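Colleague: Would you be able to build a 3D model of this:
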Amino acid sequence: MPRAATHVDVAIIGAGPAGLTAGYMLGKEGFSVKLIEKDPHQVGGISRTVEHEGFRFDIGGHRFFSKSREVVDLWNELLPDDFIERPRMSRIYYRGKFYSYPLRAFEALRNLGLWQSTLCMASFFRWKLFPHKEVRSFEQWVVNQFGSRLFGIFFKTYTEKVWGMPCDEMSADWAAQRIKGLSLGKAVWDGVRRSLGLNKRPNDGMETKTLLESFRYPRKGPGMMWDAARDRIIEQGNGLLMGHKLHQLSWDATGGFWRVAAIGEDGRLTMLTADHVISSAPMRELAARVHPVPASLPQAMDLGYRDFLTVALMIRSEDLFPDNWIYIHDDRVQVGRIQNFRSWSPEMVPDESLACVGLEYFCFEGDGLWSSSNEDLIALATKELAQLGLCDPADVVGGAVVRQEKAYPVYDDAYAANVAAVREELEGRYPTLHFVGRNGMHRYNNQDHAMMTAMLTARNIAAGTRRHDVWQVNEDAEYHEAGAEGDDAKDYAGVAAALRSERLVPTRIADKKAA
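Modeller: Prediction:
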């Protein structure tokens, strides 16, 4: 069959950070590109900035920091004059008090008070003397390190809110990476030595890498970056098909090209053909659209996702707290994290007399939270903010709700095998089909890593071969918070980018009864 009237070198599914980066980089090399984006108005995906009556909301919070010099240079190329330097501050909020994040154990004990601290220390020593001998779950690992009381206060509630699974069903591997370097015993001993004047070194509360004290941020939110990328793509003579979902993707073996069908909001199909397809769409959705149906479709359909919504409240008040965000470790409320948008950038909040905060709720698409009306969600957020003692409900003067589906790929005990099955079949059968980004690869990447997968994919297409393995692009869960920006300068070519260490995620242990 002949090609469609519209033929491009590369069709890109999704206009988030990965898709836009791939489109821009390929356009610079002279490739014709078309991006297909289901949102009718905005690009950027989870990294977009939503505007409501002049207020701007960042979906989840996106600090701009990367160890990859290539990524930093691309950010500067797209936004040469719109970055501002912002102080970094994130803390834990528990029962009316703030605690440093990452947790400083001695500070935590001091804030908890004498009686609670005594109980926490007794619990700590009990589990040090009689620990879980076979450690398989997140809960067992943390209890062995800190005792059951500190686990219940500082680890259990927030973790279960985010991931939607009990801590006793999560793998211990994730805890070992996320909480490494913090020892309660060392922290308490350090506090005793300081009280006696025996230790006068600066007290950061832990013997781990120092976190960033500041970060760069687009003055009107991360959406500025992705709007700029979209505009550059258009300037290159390429385009975007907004408000369209992928309907079918089929390989024409005779002609040696892809047939791509996208369906608009009005139900009409748009057809194009392409030599290559890059997908940042959720792997489950992509596999369901490939024709002929892949044998690995059951594995793809078994992949899960955690969804997310933000309730932004405008409050007649000064800023409620100075942090970029605070983590809510309180099981009396459903909110998991609260952003202070002015702390990201003063230009996010147009009225100096108002504070604007975003209460973040983790949920599954279709559950009670997700299905609630905007009015009910605004009322819930107002009530919980008051319940936490952060706000008088009478001061709330407005609100807005932003829903983000498939914000986090779910990592159950079968996800790795499922991803491998889909990847091996589709990449093996179709060398010109490329997976990029967080959902495209079903990997818990930050935006700079999503961008790097796109950069290397663009380089592979330009070279005519898979010279770079994009599946090696990943991160240690801490590295973006430590070190100097662009540290990876000597690896400018990106071939062995310093992004290879695996970012562990909470996986469900296979046999809970054996734990």
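Colleague: Residue nearest the middle of the chain, spatially speaking?
Modeller: residue 446 (5.5 Å; Cα atoms, centre = their mean).
Colleague: And that one, how close does it get to residue 63?
Modeller: Distance of residue 446 to residue 63, given as Cβ to Cβ, to the nearest Å: 9 Å. Every residue, glycine included, has its C-beta placed from N, CA and C.
Colleague: The stretch 51-200 of the chain: strands as residue ranges?
Modeller: Counting by DSSP state E, counting those that start in this stretch, one finds strands in the stretch 51-200 of the chain at the ranges 55-58, 83-87, 90-94, 97-100.
Colleague: would you list every one of the strands in the stretch 351-500 of the chain?
Modeller: Counting by DSSP E, counting those that start in this stretch, the stretch 351-500 of the chain has these strands, from start to end: 354-363, 396-409, 433-435.
Colleague: between the ones you listed, which gets nearest to residue 275?
Modeller: For those, proximity to residue 275 was assessed by Cβ to Cβ; strand 433-435 is nearest, at 11.1 Å.
Colleague: Show the average pLDDT along that closest one.
Modeller: Averaged over strand 433-435, pLDDT sits at 97.
Colleague: burial measure for residue 100, as a count.
Modeller: When counting by other Cβ atoms under 10 Å, one arrives at 18 neighbours for residue 100.
Colleague: Report pLDDT for residue 187.
Modeller: On pLDDT, residue 187 comes in at 52.
Colleague: contacting residues for the residue nearest to residue 28 when sequence neighbours are not counted?
Modeller: Nearest non-adjacent residue to residue 28, counting by Cβ to Cβ, 6 or more residues apart in numbering: residue 236, 7.3 Å away. When contacts are counted by Cβ atoms under 8 Å, 6 or more residues apart in numbering, residue 236 is found next to 24, 27, 28, 33.
Colleague: what's the answer for residue 239, then?
Modeller: Shown in contact with residue 239 (Cβ under 8 Å, 6+ apart): 33, 34, 35, 233.
Colleague: Which members of these are positioned in strands?
Modeller: Per DSSP state E, strands hold the following members of the contacts of residue 239: 33, 34, 35.
Colleague: Closest to residue 261 out of the residues you listed?
Modeller: Nearest to residue 261 among those: residue 34, at 12.7 Å, using Cβ to Cβ.
Colleague: what about the closest one, neighbour count?
Modeller: Around residue 34 sit 22 other residues, with neighbours defined as other Cβ under 10 Å.
Colleague: which one is it nearest to, not counting chain neighbours?
Modeller: Leaving aside its sequence neighbours, residue 34 sits nearest to residue 8 (Cβ to Cβ, 6+ apart; 4.7 Å).
Colleague: could you point out which element follows the lowest-mean-pLDDT helix or strand in the chain?
Modeller: Of all regular secondary-structure elements in the chain, judged by mean pLDDT, DSSP states H and E, the least confident is helix 184-195 with a mean of 50. Following the chain from helix 184-195 toward its C-terminal end, the next helix or strand by DSSP states H and E is strand 214-218.
Colleague: Partner strands of whichever strand or helix holds the residue nearest to residue 34 and their direction?
Modeller: Secondary structure here is read from DSSP H and E; on that basis residue 8 sits in strand 7-13. For strand 7-13, the paired strands and their directions (DSSP bridges) are strand 33-37 (parallel), strand 269-279 (parallel).
Colleague: now these in JSON lines, with mean pLDDT and distance to residue 80?
Modeller: Putting the strands paired with strand 7-13 into JSON lines (pLDDT from 0 to 100; distance: least, Cβ to Cβ, whole Å) gives the following:
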{"stretch": "strand 33-37", "mean pLDDT": "98", "distance to residue 80": "23"}
{"stretch": "strand 269-279", "mean pLDDT": "97", "distance to residue 80": "26"}
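Colleague: for those strands, which one sits closest to residue 254?
Modeller: Shortest distance between residue 254 and the strands paired with strand 7-13, using Cβ to Cβ, is found for strand 269-279: 12.3 Å.
Colleague: Pull out the buried residues from that closest one.
Modeller: Buried positions in strand 269-279, judged by neighbour count with 16 or more other Cβ atoms under 10 Å: 270, 272, 273, 274, 275, 276, 277, 278, 279.
Colleague: Quick check on residue 333: phi, psi?
Modeller: Torsion angles at residue 333 (phi, psi; degrees, to the nearest 10) stand at phi -120, psi 160.
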